[in-house]
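> For reference, the sequence and a predicted model appear below.
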Amino acid sequence: QVQLVQSGGEVKKPGASVKVSCKTSGYSFTNYGITWVRQAPGQGLEWMGWISGYNGNANYAQKFQGRVTMTTDTSTSTAYMELRSLRSDDTAVYYCARDSNIFGAWAYWGQGTLVTVSS
Amino acid sequence: QSVLTQPPSASGTPGQRVTISCSGSTSNIRSNSVNWYQQLPGTAPKLLIYSNNQRPSGVPDRFSGSKSGTSASLAISGLQSEDEADYYCAAWDDSLNGPVFGGGTKVTVL
């Protein structure tokens, strides 16, 4: 079955960087893209960007351009999301989700990774 | 502030029908399909409705979606206690070149 398993929670200081991993299994990694979505405490969902599992092409939300980098490792079927220059308002649960044939219909999600930014 | 507008809360008694609205614009809902997600406390979102009104396998037919113009709706008929959750609408936005979400609606079963 399709599974997305994310790395564990992180505590970072303002200005630092964080890299979250999303290890996938149960499907051909190169056939689908991975989307990253975050959710601040008590808040709604926010799309961060998308990366192709086929060729690594990425499309970032304008809000995060210049601060985020999404990458993939096809040898391990793993996607990564790195966010730099962290601020306190980056404290959130970060989710990866697998794309489907219908973009935006994310049926498979990781369990989420809590990133806490605090001095 | 979310691009798509949802009421912050909705409620009903067991067995009732609850409807959640999602208001957008010509660049998102009018032009593109709407998807709905259910999020139980402390868990990842779950795809509930895709392409405006399609249910993934395993989603009860108590859940239904519709779209008209720049608005969409999610209806839950025969409300059950396990339906207590946050519900989010989402759609691609042509102007922002990415998907946008509603702010979420918390459904309470009284």
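Nice, thanks for sending it over. Being a predicted model, the structure only gives us computed values, none of them experimental.

> what about the closest residue to A:Val2 other than its chain neighbours, neighbour count?
For A:Val2, ignoring the flanking residues on the chain, the nearest one in space by Cβ to Cβ, 6 or more residues apart in numbering or on different chains is A:Gly26 at 4.1 Å. From N, CA and C alone the C-beta is placed, and that goes for glycine too. By other Cβ atoms under 10 Å in any protein chain shown, 12 other residues sit near A:Gly26.

> Now that A:Gly26 has come up, it's in contact with A:Tyr32, right?
No - counting by Cβ atoms under 8 Å, A:Gly26 sits too far from A:Tyr32 to count as a contact (11.2 Å).

> How about the residues of chain B by chain A?
B:2, B:33, B:35, B:37, B:44-47, B:50-51, B:56, B:88, B:90-92, B:96-104 (Cβ under 8 Å from any Cβ of the partner chain).

> Can you flag which of those residues belong to strands?
B:Asn35, B:Tyr37, B:Lys46, B:Leu47, B:Tyr88, B:Ala90, B:Ala91, B:Trp92, B:Gly98, B:Pro99, B:Val100, B:Phe101 (DSSP state E).

> gap between the residue nearest to A:Val2 and chain B?
In this structure, A:Gly26 and chain B are 16 Å apart, going by Cβ to the nearest Cβ, to the nearest Å.

> And for A:Tyr54?
Following Cβ to the nearest Cβ, the distance that separates A:Tyr54 from chain B is 19 Å.

> Tell me who's in contact with that residue.
A:Thr30, A:Asn31, A:Gly33 (Cβ atoms under 8 Å, 6 or more residues apart in numbering or on different chains).

> what does B:Val100 give?
The contact partners of B:Val100, by Cβ under 8 Å, 6+ apart, come to A:Trp47, B:Ser2, B:Val3, B:Leu4, B:Gly24, B:Asn28, B:Ala90, B:Ala91, B:Trp92, B:Asp93.
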